[in-house]
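Peer 1: just need the structure, nothing else, for what follows:
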Amino acid sequence: MLLGLAILGAAPYQHDLKPTRRSSPSPIRRIRLEKFAVADSSDIGALKLEIGNGLTLAPLVVKVDPNLNVILTACLAVYVGCYRSVKPTPPSETMSNEHAMRFPFVGSAMLLSLFLLFKFLSKDLVNAVLTCYFFVLGIIALSATILPAIKRFLPKHWNEDLIIWRFPFFRSFENDFTRSQIIAAIPGTFFCAWYASQKHWLANNILGLAFCIQGIEMLSLGSFKTGAILLAGLFVYDIFWVFFTPVMVSVAKSFDAPIKLLFPTADSTRPFSMLGLGDIVIPGIFVALALRFDVSRGKESQYFKSAFLGYTVGLVLTIVVMNWFQAAQPALLYIVPAVIGFLAVHCIWNGEVKPLLEFDESKTAVTSKEGSDEKSSKME
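Peer 2: As a prediction, the model looks like this:
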């Protein structure tokens, strides 16, 4: 769901023209996490998230160049999401090569469907339905984003004891949650109510940042091969729908929902610049994979730094080209080659192409689970 949202949110960068159950971590991975000092990433994430929110609020009190705001906000969202994606155990579910190849087609179908809905139905009606959907999705994303900061102030059993709730009349459907998640959902509910009633750009951006951080944190590509397939497919997807059809720009302008970040400008004819969430989440999950690759080897964040630098350079290049031609640009056109290129050059320079291409989180998860089961059987 979040990746589908990210694909729809892969709008061109432009001026406005117009608690999980996991298996126990293996001892080796636990040592590496502690050595890397990211075993508890909630403190890092909370600090960076506050900085990101500060950047979002800055245009309300001081004059901030929108281009600089775009770069800092997007890079911080990627940075926070990457560090929050580092968990004591590898992800149990990862994307396959087949899913990666299929995603550009799924995204195209969703994008074209929205374009036709806006064309043949009332724009207000479509946006009203989408507002209801994003109201619920926003509460989930916001509560999950602020939960690590809230958990530290609540009793331990509130964070661990699960409450199982079964749907009325459909007893086979059930959902489990903790008291901490309920507490985190309270401010999220009030905030989403403010967004639904006012549609203020500030509320839009905070919800968008929550979606970005959750998307990068939760989604796993599994391997760099899968990541390269996904990025290459969406690279073509972004170019086609921006340069060869009016669909992407039209949907981005009509879609009144937090699938893009809005940055106020001083130009009254063009009040906002915008960046699609897909231009943050899609490359962000690839950069996060580079960080987890570094962690799995117990080394410093060397490949994470090169991938993150590539993302920053690609985003800066997008803004330079957009301002030069004064036209909307598909950000993935510049970000994808930069991220993959910087990482490829770095691993070729170090002579570590083979271990990077052989890295597979799904196999790491199986190995970790088997090691945990062996340890449990020995204890018994």
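Peer 1: where is the longest helix in the chain?
Peer 2: Assignment by DSSP state H gives helix 123-151 as the longest helix of the chain.
Peer 1: can you spell out which helices and strands pack onto that helix?
Peer 2: If contacts are counted by 3 or more C-beta pairs under 8 Å, 6 or more residues apart in numbering; DSSP states H and E, helix 123-151 sits against helix 42-61, helix 97-120, helix 179-198, helix 201-218, helix 247-254. Yep, even glycine has a C-beta here, placed from its N, CA and C like the rest.
Peer 1: how about a cut-off of 7 Å?
Peer 2: If contacts are counted by 3 or more C-beta pairs under 7 Å, 6 or more residues apart in numbering; DSSP states H and E, helix 123-151 sits against helix 42-61, helix 179-198, helix 201-218.
Peer 1: downstream of the shortest one, the next helix or strand is which one?
Peer 2: On the C-terminal side of helix 201-218, the closest following helix or strand by DSSP states H and E is helix 224-243.
Peer 1: by how many degrees do that following helix and helix 97-120 diverge?
Peer 2: 20 degrees (axes from the mean of the first three to the mean of the last three C-alpha atoms, to 10 degrees).
Peer 1: surely residue 229 and residue 97 touch.
Peer 2: Yes - contact criterion C-beta atoms under 7 Å: residue 229 and residue 97 qualify, at 5.8 Å.
Peer 1: okay, the angle between the longest helix of the chain and helix 97-120?
Peer 2: Using the same axes, to 10 degrees: helix 123-151 against helix 97-120 is 140 degrees.
Peer 1: and the next helix or strand after helix 123-151, which residues are buried?
Peer 2: Going down the chain from helix 123-151, the next helix or strand is helix 156-160, by DSSP H and E. Buried positions in helix 156-160, judged by neighbour count with 16 or more other C-beta atoms under 10 Å: 158, 159.
Peer 1: what's the angle from the helix or strand following helix 156-160 to helix 179-198?
Peer 2: Going down the chain from helix 156-160, the next helix or strand is strand 163-167, by DSSP H and E. Here strand 163-167 runs at an angle of 50 degrees relative to helix 179-198 (the same axes, to 10 degrees).
Peer 1: which helices and strands sit right next to strand 163-167?
Peer 2: Against strand 163-167 (3+ C-beta pairs under 7 Å, 6+ apart) you get strand 170-177.
Peer 1: avg pLDDT for the strand it packs on?
Peer 2: Strand 170-177 shows a mean pLDDT of 69.
Peer 1: I'd assumed residue 263 was in contact with residue 69.
Peer 2: Yes - counting by C-beta under 7 Å, residue 263 is a contact partner of residue 69 at 5.0 Å.
Peer 1: these two - which one has more neighbours?
Peer 2: residue 263 (26 against 21; other C-beta atoms under 10 Å).
Peer 1: hmm, back to that, what about the longest helix of the chain, distance to the chain center?
Peer 2: Put simply, helix 123-151 sits 14 Å off its chain's centre (C-alpha atoms, centre = their mean, to the nearest Å).
Peer 1: cheers, nothing more for now.
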